[in-house]
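>>> got a sequence here, can you model it:
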Amino acid sequence: MSDQNNERNVSIPRGYKQEDTDARKEWVKQFSGVEIDDTSRDNAEDLQGIIENHVGFMQVPMSVVGPLSLDGAYAQGEFCIPLCTLEGTLSMSMNRGIYAANISGGTVARHFRQELSRAPVFIFDNIDESMKFQNWVKANEKEIINVAESTTSHGKVLRIDQYTVQNYVILDIVLNTSNAAGQNMVTLAAQVACEFIQKKTNQNYILESNLNSDKKASVRNMLLGRGHAVTAETTIKNSVMKRVLKMDPDILFDSWSFFPIVSSMAGTHGNGLHVSNALTAIYLATGQDAACVAENSIAHIGIEKREDGLKFKLTLPSLTVGTIGGGTRLKMQNKNLELLGCNEGEHSSRKLAEIIAGSALALEISLICAIGSHTWTDAHMKYGRK
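Below is the predicted model:
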């Protein structure tokens, strides 16, 4: 059995042989108390509500990286991160970023918002009718909220925002969905609320106006988010930048200014490098709706110079994740939530969101330094192919 650690002195055993895989499983068991059994299969009858026309299972390789040392509002401690990916070097790169952050003092993460909404649209013959309707909604908002909340024992309606354009009135019905990702929750709440409004006002509606940008990146989701919003930061010491990340911190900081400029020129939402890589890998491993990466990969990253290092900052304003419902009840996915300590608890979804932000930041840092040090291509040529 290979007992050699990787060259960054992280305790997860490296190697591609079966005994190395077995050693990593044992490492996870010793670290977390969770035993990974990838022979677990969900029964066909348990897949109702998850997939139709089921014919079998497609195996996706899974790795573990870390432990990630995190000081969060909800996620405190060290976390072994499960990843499902087909991209060579992704796990190694995240592991490198995590290690650099850990030996520099760890990563801080703060969850600062949780909102998910459905935005039906009402269409009027003229603007006077639309104004009358808006006033009615304002006057009856509490009753509308009570009707919407009658559909769920967990979700809470935070507010109803109104948007007017031409002869259309959009009602953005915003909920806190607790530990559920909540997309079905907000849809049902909005449907019942609209049926009540229609009965009272005799106005017809379309349940979704596309304001929510569900499964789409948009300015709306960049500003208001769709799910959880988290910011994370870590200061990497100058010595660690040079020794672990192979990057001169002064060169990186002095040249970094081009990145947000070119990102703006290209018209991207945010200026992240490849946050979607981290999100997809963790989403698949923990039973999230992977298509939400479309709107969740909006990211804002920045670098500040410190006396003894560089501070890397990442804000993810839109993370549509949950720890109950959907794919989270599948055996392997639920076991991975247990591995993260996110399978139970009052705010387990917020904890998961902070872990995702810390992990994504580590991967961003590693790629920034790989590009800056001209080792990016070499790494993929060496580790990203057989």
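>>> quick one, strands of the stretch 151-300 of the chain?
Using DSSP state E, counting those that start in this stretch, the strands assigned to the stretch 151-300 of the chain run over residues 156-165, 168-176, 205-206, 227-237, 300-306.
>>> out of the ones you listed, which is closest to Cys369?
Among these, the nearest to Cys369 by Cβ to Cβ is strand 227-237 (8.8 Å). Quick note: C-beta positions are derived from backbone N, CA and C, even for glycine.
>>> packing partners of the closest one?
Applying 3 or more Cβ pairs under 8 Å, 6 or more residues apart in numbering; DSSP states H and E, we find strand 227-237 packed against helix 90-102, strand 107-118, strand 309-319, helix 348-372.
>>> residues in contact with the spatially most central residue of the chain?
Centroid check for the chain by Cα atoms, centre = their mean gives Leu319 as the closest residue, at 4.1 Å. The contact partners of Leu319, taken as Cβ atoms under 8 Å, 6 or more residues apart in numbering, are Gly225, Gly227, His228, Ala229, Val230, Leu279, Asn296, Ala353, Ile356, Ala357.
>>> now those residues as JSON lines including pLDDT, distance to Pro120 and neighbour count?
Formatted as JSON lines, those follow (pLDDT from 0 to 100; distance: Cβ to Cβ, whole Å; neighbours: other Cβ atoms under 10 Å):
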{"residue": "Gly225", "pLDDT": "93", "distance to Pro120": "19", "neighbour count": "24"}
{"residue": "Gly227", "pLDDT": "96", "distance to Pro120": "19", "neighbour count": "26"}
{"residue": "His228", "pLDDT": "98", "distance to Pro120": "23", "neighbour count": "28"}
{"residue": "Ala229", "pLDDT": "98", "distance to Pro120": "23", "neighbour count": "20"}
{"residue": "Val230", "pLDDT": "98", "distance to Pro120": "28", "neighbour count": "32"}
{"residue": "Leu279", "pLDDT": "98", "distance to Pro120": "28", "neighbour count": "27"}
{"residue": "Asn296", "pLDDT": "97", "distance to Pro120": "23", "neighbour count": "31"}
{"residue": "Ala353", "pLDDT": "98", "distance to Pro120": "27", "neighbour count": "28"}
{"residue": "Ile356", "pLDDT": "98", "distance to Pro120": "30", "neighbour count": "28"}
{"residue": "Ala357", "pLDDT": "98", "distance to Pro120": "31", "neighbour count": "31"}
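>>> would you list those in TSV and tack on distance to Gln203?
Listed next are the contacts of Leu319 as TSV, based on distance: Cβ to Cβ, whole Å:
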residue	distance to Gln203
Gly225	29
Gly227	29
His228	33
Ala229	33
Val230	38
Leu279	39
Asn296	33
Ala353	37
Ile356	40
Ala357	41
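>>> so how far is Ile206 from Ala281?
36 Å (Cβ to Cβ, to the nearest Å).
>>> next one: Arg113
27 Å.
>>> check Leu310 too.
Going from Leu310 to Ile206 by Cβ to Cβ gives 48 Å.
>>> so which of the helices and strands packed on strand 227-237 is nearest Ala23?
helix 90-102 (15.3 Å).
>>> helices or strands up against the closest one?
Looks like helix 90-102 contacts strand 62-72, strand 76-84, strand 227-237, helix 275-286, helix 348-372, helix 376-383 (3+ Cβ pairs under 8 Å, 6+ apart).
>>> for Leu337, find the nearest of these.
Per Cβ to Cβ, nearest to Leu337 of these: helix 275-286, 5.5 Å.
>>> next, the angle helix 348-372 makes with that closest one.
Counting by axes from the mean of the first three to the mean of the last three Cα atoms, to 10 degrees, helix 275-286 points 140 degrees away from the direction of helix 348-372.
>>> Leu310 and Ile206: who's more crowded?
Leu310 (26 against 14; other Cβ atoms under 10 Å).
>>> per-residue confidence at the more buried one?
In this model, Leu310 is scored at 97, pLDDT.
>>> look up which residues are beta-bridged to it.
In this structure, Leu310 bridges to Ile236, Lys305 when assessed by DSSP bridges.
>>> quick one: contacts for it?
Contacts of Leu310 (Cβ under 8 Å, 6+ apart): Thr235, Ile236, Asn238, Met241, Pro249, Leu252, Phe253, Ile303, Glu304.
>>> I'd guessed Ala357 sits against Leu314; true?
Yes: Ala357 is in contact with Leu314 according to Cβ atoms under 8 Å; the separation is 6.5 Å.
>>> overlap of the contact sets of the two?
Thr231, Ala232.
>>> how close does Thr235 sit to Ile303?
Counting by Cβ to Cβ, the gap from Thr235 to Ile303 is 10 Å.
>>> need the residues touching each of those two.
When Cβ under 8 Å, 6+ apart defines a contact, the residues bordering Thr235 and Ile303 alike are Leu310, Lys311, Phe312.
>>> which one of those is nearest Gly327?
Once Cβ to Cβ is applied, the member of the shared contacts of Thr235 and Ile303 that ends up nearest Gly327 is Phe312, at 30.9 Å.
>>> dump the shared contacts of Thr235 and Ile303 to a markdown table, plus distance to Asp38.
Shown next, in a markdown table, are these (distance: Cβ to Cβ, whole Å):
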| residue | distance to Asp38 |
| --- | --- |
| Leu310 | 38 |
| Lys311 | 38 |
| Phe312 | 33 |
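>>> now, among those, which is nearest to Ala119?
Nearest member of these to Ala119, counting by Cβ to Cβ, is Phe312, at 34.3 Å.
>>> what's the burial count for Arg118?
Neighbourhood size, Arg118 [other Cβ under 10 Å]: 27.
>>> so what pLDDT did the closest residue to it other than its chain neighbours get?
Nearest residue to Arg118, sequence neighbours excluded (Cβ to Cβ, 6 or more residues apart in numbering): Ala190, at 3.7 Å. pLDDT recorded at Ala190 is 97.
>>> can I assume Ala190 is in contact with Leu116?
No: applying Cβ under 8 Å as the test, Ala190 and Leu116 come out as separate, 10.8 Å apart.
>>> number of residues surrounding Ile303?
Ile303: 19 neighbours (other Cβ under 10 Å).
>>> and it, what does it touch?
With contact set as Cβ under 8 Å, 6+ apart, Ile303 has these partners: Leu252, Phe253, Trp256, Leu310, Lys311, Phe312, Lys313.
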